[in-house]
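*Asks:* return a 3D structure for these sequence lines:
(3 chains)
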Amino acid sequence: MTDFLALQCAIVQEYARPDQFITQNFDYEWRNYSFGLQPEVDQWEAAKPLTVAGFDIYHPSAQDLTGKEISFGGAIARSVKKDNYFILETEAQGNHGWLHYPGQLRLQAFSHLASGSNSVMYWHWHSIHNAIESYWKGILSHNLKENATYREACTIGADFAKYGDRLKNLRKKADVAFLLSNESLTGLKWFAIHPDLNYNDIVRWLYDAFYELNIECDILSVNDVDLFSQYKILVTPALYSASDSLVGHLKHYTENGGILLSTFKTAFSDPVLKIYPDDQPHGLTDVFGMTYDQFTDGVKVGLKNCIFQNSTNSVKNTALSDPSADSTDLSAEGIRYWMELLTPTTAQTLADYDHPHWGSYAAVTENHYGAGTAVYLGCYFDKATLKDLLTYIVTKSDVALPEVQYPVIIKRGTNEYGKEITYYLNYSDDSATITWHGRDSVMLLQDQPLRDGDPITIDGWGFVIIEEI
Amino acid sequence: MTDFLALQCAIVQEYARPDQFITQNFDYEWRNYSFGLQPEVDQWEAAKPLTVAGFDIYHPSAQDLTGKEISFGGAIARSVKKDNYFILETEAQGNHGWLHYPGQLRLQAFSHLASGSNSVMYWHWHSIHNAIESYWKGILSHNLKENATYREACTIGADFAKYGDRLKNLRKKADVAFLLSNESLTGLKWFAIHPDLNYNDIVRWLYDAFYELNIECDILSVNDVDLFSQYKILVTPALYSASDSLVGHLKHYTENGGILLSTFKTAFSDPVLKIYPDDQPHGLTDVFGMTYDQFTDGVKVGLKNCIFQNSTNSVKNTALSDPSADSTDLSAEGIRYWMELLTPTTAQTLADYDHPHWGSYAAVTENHYGAGTAVYLGCYFDKATLKDLLTYIVTKSDVALPEVQYPVIIKRGTNEYGKEITYYLNYSDDSATITWHGRDSVMLLQDQPLRDGDPITIDGWGFVIIEEI
Amino acid sequence: MTDFLALQCAIVQEYARPDQFITQNFDYEWRNYSFGLQPEVDQWEAAKPLTVAGFDIYHPSAQDLTGKEISFGGAIARSVKKDNYFILETEAQGNHGWLHYPGQLRLQAFSHLASGSNSVMYWHWHSIHNAIESYWKGILSHNLKENATYREACTIGADFAKYGDRLKNLRKKADVAFLLSNESLTGLKWFAIHPDLNYNDIVRWLYDAFYELNIECDILSVNDVDLFSQYKILVTPALYSASDSLVGHLKHYTENGGILLSTFKTAFSDPVLKIYPDDQPHGLTDVFGMTYDQFTDGVKVGLKNCIFQNSTNSVKNTALSDPSADSTDLSAEGIRYWMELLTPTTAQTLADYDHPHWGSYAAVTENHYGAGTAVYLGCYFDKATLKDLLTYIVTKSDVALPEVQYPVIIKRGTNEYGKEITYYLNYSDDSATITWHGRDSVMLLQDQPLRDGDPITIDGWGFVIIEEI
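*Replies:* Okay, here's the model as predicted:
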């Protein structure tokens, strides 16, 4: 696919004028919406001949709108060319059941800009009258007349015209990076941890927890090793396939002061999915200060002796009281699908297994290695506990942890005028009031000045855009 | 299929004696029983070369016997030749789990006659000893001896011999007609409203509600436009595909005093399933006095401001306390699968959506058009509420609404002697006592006279047949 | 398959030395573990050219370890050559989620010996690093180093070396035999009782109940008619296909004093699955003293007038309070999937149906025939009730019924020194204390003498081996 796209681009390039550019519509793992890393193509490689990256992002809306796909998909889109990107397709009225509530079309559009997109284009202008996509509805309905969606889209266009020069080409700078790997995705497809837990589930489990804590994340590929040092925290969700070279870079990153956060199954196999015949995690046992040689599923097992239990998100380590937790997410015991029986050497245990037979093994460990720290998650557990653990890690670092959390989402960047732009995006029915902490600024759409300590009220499914003066 | 059947009939006709007739065994959409309109053939067209329509009807029995398939299937059977029909096959002991309770074989047999059948033939005489249908059990079991089913069948035969001349060729006259359409069925198969709600689900949703209210219904095809005016109420369940000509006849029917009752998705596409590019419902916006251009699924949404809420069946618009409601039928909120956001022009709103964002749109509307009335259901909701709505509509019309409701079912017709025949069929374990309202009559099987006001007790799974004197 | 295996054996035999033997790795119906009789081959026929029978047995472990598959699989393995057998493969760390608790690997190994195996071989030595079985984990993990499983396996080897000569070639003698039939399995695959109740479900329903009562059972094929008389109780679970000859042997067995215990569907069809055209159960109506000609599924139906209700296992005939009952096992009413409407002639009714319409039919019957007794189960019901029924039958026989029941399992046999060996195997987390009833003996592993009345404490997932002095 990479070769074919390069071939196409070369042909187009022959005929393109100097002022013309080439883009291409990439997409994601599709679960009736844009869920995770695309399994069928290495987009970092395939995007090389393009001028600008292009993506389509589709997601549930109405009561199910969370902004997560816009944010996660945007992070991948920024990653492939390390630049801004185009949203070449996104839903207008969308597929069955996705009709946006009033205001959501605007919220979605500006969420794309907040993630670094330079465009929002809809599928499609009007709903079509024949063939299979008749009910992927456009801006206009089948009667081709003005409707609620059209009227809302008009306000978006007007705002783009008015404020676009202050919002486009947003430069974003994250403290946290996720390291994603197509080989790991494929490896865990063939050697599945559990039918209900594939690679992208684990990626999104971690990504969504950071998202809900309002910690913005970038995404890196396994070829971005030179960029590791730019980040304070590097996350490797189920990095099943890792070359010795990549393992060396992870080690070097930690040794030099980085915080490495890895999950179960990291560095288990080599690039051709041959399992490493030495101690796990391969090449990293001294970095993590622990090893393991046995694992099983997580049945009737929880966490005990949690060091990070006093964090704000945790009700109890086994709790599912977090309203953002999926009801199908977990059993009452808190662990599910997978558990590695960790034996620390130099590591501190952050949590043990609460189980009659596996209680002597560690579940989560933290190790100081060189100037850095390496945290290892040996099992999959509920999102509330995960957010506690992330809070614990972030609090010990110099990564900022905002007071405001999901459903109000903060997105930041710097515009072409060198001014910091801050979005507050409210993904809920209820209005929210927060306090501005920062330099003297202006709320762009309201043209209203803001000083440190000023309250800001954001309507349900509303947003504000703040530009530094 | 239509052509092939015509070809076969033509061959048979060459050899048939003048006193011989041709029939054919039609069936229905099969869901392990005879559920709805047959999707694979236009039976009205295919039946043209036949002398007499023939059908097979199979359905759950024992605790699941309701009579609904016998009644619905009979209405289709009456419709294809606009005449009486033959039941060429029906269950004896039936498929696994269908063994009839004592009395049910009789109840089933006379239910067929009450719907207009002139025969009850069983699959089959004796249970077979080889091959795939070994457990579609016959009248006799595999031992080929008399059994409970055989003995009950003998009483049916004896009663047919004794009373058959008063029961056969029953002329039925309904006030309500359903307009069914193979094109709409196919259209909603390709462009599904919801995986769990196909065309026949919607047809049976409405048909079963009328059935439980004891309002008999005929069934018409899209070519029966000349018959519309014979009915007081014309129902179009999800008539997705409708020609301009058919739309014109619906308009004309209403204008001239008919009550048109249509659901969501009516008149959405033309006969080749191209979606109409003008206001929905196509050609009928003035008839219904409303239009819509947006729709979505029904999630966490109910009905409010129900005009018809005082009717007898309704506990609460969102209630599922109706014992005849399927437990899987609906969410607690009452609406499921589909909702159109209706904007009335001249129509009265019968119910609004109870939803934080869609509350300003109508869910059910009623409009006076010419001398008639047009009611539009913009969404799918629970059966108890539907029965309330039908009660509201029927009460305002001059269609009779009996006091007696399901599980006691009333079926009427006129026999060859010009006498009115009334069946009371009790589809439950419990005996029921009702009061006779009508002319001086006789209970045929008991040879017992009846006068207005006399009580009648019907055993569980029993029935009475009453003939006007 | 039988012919092919014979051909292979003949070739090997040409080259084998006199001191060499031929075995082959048979297996079972696979439900992600070794569940029932292998459907694809007649193992009795196929094993004829072998010197020693060989099998692989895999099963859930950890919290799901019950020993049932080891016992049931072992009974089949003993049956095919009427001799001891080899376990040529069984799980080491096993498939995903099967990692044994500490002690379980030992418990499993000695359970195989207790059932008559002369070997325990593991799949496999070390976990492999490539290809599809990478996660069917071996004794060693992928790092090829000593681990908990290896260390536990070493203790097994040491004990085999020390005690093997007293434990190998265990001669087992059961009072109860199950008669299994590949033709019946296939017959009930084509003519299913219920999608969730196939032949092996019924076999295991009965086998597991005997197992939990600590009554050891042998397994016979339909060609083992000469062995019937060696057993006090002969069980025919759903013996759907039975030749006239086999029926004659069952009759003869009962007439001569045996206890015949048959379920629904026994002797329904002939060897080529043609249903017998006479009274059911074919050829056995006088043996069972009852017949039936109608049947249906078991919906909202229980048992009443249970003669065997005072037995120890029964809480209530409809109860599911038995902790060993599967939660998905049964509806609250106790009967499920199938019920035959039995009409006794000479039989005593042991239980009637508790149902508004089928209450006059018997559900379970007992008949004295010649010097023997024939019990017939007309329906499938909950395991607690089944254990009550078996207790009732066994108590009236001279088959011993131990006080100790599952999760402590007793296995007996005679070793090569003519001494009785008794295993107590504890399939639970909790330690158990029982009392030794028997001759002066010694607990082998502890080298501790035992006298009648001495208490024995067995750790959770532990066992003791007792040898008569």
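*Asks:* got the residues of the stretch 151-300 of chain A near chain C?
*Replies:* A:191, A:193-194, A:273-280, A:293-297, A:299-300 (Cβ under 8 Å from any Cβ of the partner chain). From N, CA and C alone the C-beta is placed, and that goes for glycine too.
*Asks:* let's see 7 Å
*Replies:* A:191, A:274-275, A:277-280, A:293-294, A:296-297, A:299-300 (Cβ under 7 Å from any Cβ of the partner chain).
*Asks:* any idea which of the residues you listed is closest to C:Leu140?
*Replies:* A:Asp293 (8.3 Å; Cβ to Cβ).
*Asks:* spit out the contact partners of the closest residue to the closest one other than its chain neighbours.
*Replies:* Setting aside the residues directly before and after it, A:Asp293 is nearest to C:Ser141 in space (Cβ to Cβ, 6 or more residues apart in numbering or on different chains), at 4.0 Å. By Cβ atoms under 7 Å, 6 or more residues apart in numbering or on different chains, the residues touching C:Ser141 are A:293-294, C:127, C:147.
*Asks:* quick one: the helices in chain A, in order.
*Replies:* Counting by DSSP state H, chain A has helices at residues A:2-15, A:43-46, A:68-81, A:104-114, A:148-167, A:182-190, A:199-212, A:244-255, A:285-288, A:383-396.
*Asks:* quick one: which of these is nearest A:Trp461?
*Replies:* helix A:104-114 (5.2 Å).
*Asks:* on that earlier part again, export the contacts of C:Ser141 to TSV and append columns for pLDDT.
*Replies:* Formatted as TSV, the contacts of C:Ser141 follow (pLDDT from 0 to 100):
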residue	pLDDT
A:Asp293	98
A:Gln294	98
C:Ser127	97
C:Asn147	98
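*Asks:* just those residues: which are in strands?
*Replies:* Among the contacts of C:Ser141, DSSP state E puts none in strands.
*Asks:* who touches the residue in the stretch 351-469 of chain A that chain C sits nearest to in this structure?
*Replies:* Minimum separation of the stretch 351-469 of chain A from chain C (Cβ to the nearest Cβ) falls at A:His357, amounting to 4.4 Å. Counting by Cβ under 7 Å, 6+ apart, A:His357 touches C:101-102.
*Asks:* and the residue of the stretch 101-250 of chain A at minimum distance from chain C, how many neighbours?
*Replies:* Nearest to chain C in the stretch 101-250 of chain A, going by Cβ to the nearest Cβ, is A:Phe191, at a distance of 6.0 Å. Using other Cβ atoms under 10 Å in any protein chain shown, the number of residues around A:Phe191 comes to 18.
*Asks:* contact partners for it?
*Replies:* C:134-135.
*Asks:* and A:Thr266, by the same measure?
*Replies:* By Cβ under 7 Å, 6+ apart, the neighbours of A:Thr266 are A:236, A:238-239, A:281.
*Asks:* thinking A:Lys411 is in contact with A:Ala114, fair?
*Replies:* Yes. Because the distance of 3.6 Å satisfies Cβ atoms under 7 Å, A:Lys411 is recorded as touching A:Ala114.
*Asks:* and these two? which has more neighbours close in?
*Replies:* With neighbours defined as other Cβ under 10 Å, A:Lys411 and A:Ala114 compare such that A:Ala114 has more, 28 against 25.
*Asks:* quick one: name the residues of the stretch 301-450 of chain A near chain C.
*Replies:* A:356-357.
*Asks:* quick one, phi/psi of the residue nearest to A:Asp293?
*Replies:* phi -80, psi -180 (degrees, to the nearest 10).
*Asks:* okay, it and chain B: tell me how far apart.
*Replies:* Distance, C:Ser141 to chain B, using Cβ to the nearest Cβ, to the nearest Å: 44 Å.
*Asks:* coming back round to it: turn the helices of chain A into TSV, including distance to chain B and mean pLDDT.
*Replies:* Converted to TSV, those look like this (distance: least, Cβ to the nearest Cβ, whole Å; pLDDT from 0 to 100):
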stretch	distance to chain B	mean pLDDT
helix A:2-15	32	96
helix A:43-46	32	98
helix A:68-81	18	98
helix A:104-114	9	98
helix A:148-167	6	98
helix A:182-190	26	97
helix A:199-212	21	98
helix A:244-255	43	98
helix A:285-288	44	98
helix A:383-396	22	96
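*Asks:* got the ones you listed as CSV, with distance to B:Thr457 columns?
*Replies:* Shown next, in CSV, are those (distance: least, Cβ to Cβ, whole Å):
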stretch, distance to B:Thr457
helix A:2-15, 80
helix A:43-46, 76
helix A:68-81, 64
helix A:104-114, 60
helix A:148-167, 59
helix A:182-190, 67
helix A:199-212, 62
helix A:244-255, 84
helix A:285-288, 81
helix A:383-396, 62
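*Asks:* perfect, that will be all.
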